[in-house]
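Peer 1: Sequence isn't available, so here's the structure alone:
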C-alpha cells in the first residue's frame, strides 16, 4: 500500500501534536528549575540589600538587579538567557544561531579599578583592532592596554567575554552551568587587588 502525500502529512502532524506537549512540559520544567537555582544562588552568594527580578519570558530567563552596597560593590546586574528547550520547533533553530545558554553579569564598583578600558572575548564582536591570544588552548580576541590584568582576574576561569570600563566589570559565560556563580565570586575576589583606594 502506497501512502499518498496527504496521509503522510497527516501522520507527521499527529506525531508532532503528541510530541509537542510532552517536550514542552518536560523542558519547560527543566528551564524553570535552572532559573530557580540561579536566583537562589545569586541571593545566597551576594546577600543583596535589595533585589528586583524581571522575567524575560515564562521560562527563557530573567534579569536581576541587586543593590549590594558593601565591599566597594554598588550593584550587580545578572541576566540568565536560556535556550527555548520547551519549543520543539524553535529549539533546533536557536541551537544553530545562539548555540548555548548565557549567563551575563555586570558588577558596578563604587571606586575605579586600576584597569584601563580593555576587553577579552571569544567571538570578535566589540574589539575594533583585536590581537589574538590563546587562553587554555582556545583562541580569544583582546583589545585594550590592560588585557594582562583581565587575564590575571580570570586566573584560568573560562568565559565568553570579560571587559572593564567606567567602574563596570562585564562578564559573559557561554553556559548556564551553576558553577558560573562560584566563578563570578572568584573573579570579584581577584579584581579586588586592582581597586583604587
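Peer 2: Right, received. Where do you want to start? The model shown is predicted, which means the values in this text are computed figures rather than measured ones.

Peer 1: so who does the residue nearest the centre of the chain touch?
Peer 2: With distances taken as C-alpha atoms, centre = their mean, residue 103 lies nearest the centre of the chain, 1.5 Å away. Counting by C-beta atoms under 8 Å, 6 or more residues apart in numbering, residue 103 makes contact with 38, 78, 79, 80, 81, 172, 173, 175, 176, 180. Heads up, the C-betas are built off the backbone N, CA and C, glycines and all.

Peer 1: Run through the chain and note the low-pLDDT ranges.
Peer 2: 1-2 (pLDDT under 70).

Peer 1: The helix ranked longest in it packs against which elements?
Peer 2: The longest helix of the chain (DSSP state H) is helix 5-46. Counting contacts by 3 or more C-beta pairs under 8 Å, 6 or more residues apart in numbering; DSSP states H and E, helix 5-46 is packed against strand 61-70, strand 73-81, helix 179-191.

Peer 1: Could you say which of the ones you listed is packed most deeply?
Peer 2: strand 73-81 (a mean of 20; mean count of other C-beta atoms under 10 Å).

Peer 1: Relative to that strand, what are the paired strands and their orientations?
Peer 2: strand 61-70 (antiparallel), strand 102-109 (antiparallel) (DSSP bridges).

Peer 1: Any idea how far the last one is from the middle of the chain?
Peer 2: Its chain's average C-alpha position is 9 Å from that of strand 102-109, according to C-alpha atoms, centre = their mean, to the nearest Å.

Peer 1: okay, the angle between it and helix 179-191?
Peer 2: 30 degrees (axes from the mean of the first three to the mean of the last three C-alpha atoms, to 10 degrees).

Peer 1: Just name whatever secondary elements the helix or strand just after strand 102-109 is in contact with.
Peer 2: Sequence-wise, the next helix or strand downstream of strand 102-109 (DSSP states H and E) is strand 118-121. Packing contacts for strand 118-121, counted by 3+ C-beta pairs under 8 Å, 6+ apart, involve strand 138-144, helix 147-154, strand 161-165.

Peer 1: From the rest of the structure, what touches strand 118-121?
Peer 2: 126-127, 130, 133, 135, 140-147, 149-151, 154, 159-165.

Peer 1: quick one: buried residues of that strand?
Peer 2: 118, 119, 120, 121 (16 or more other C-beta atoms under 10 Å).

Peer 1: Stretch 136-150 too?
Peer 2: Applying 16+ other C-beta under 10 Å to stretch 136-150 flags 140, 141, 142, 143, 144, 146, 147, 149, 150 as buried.
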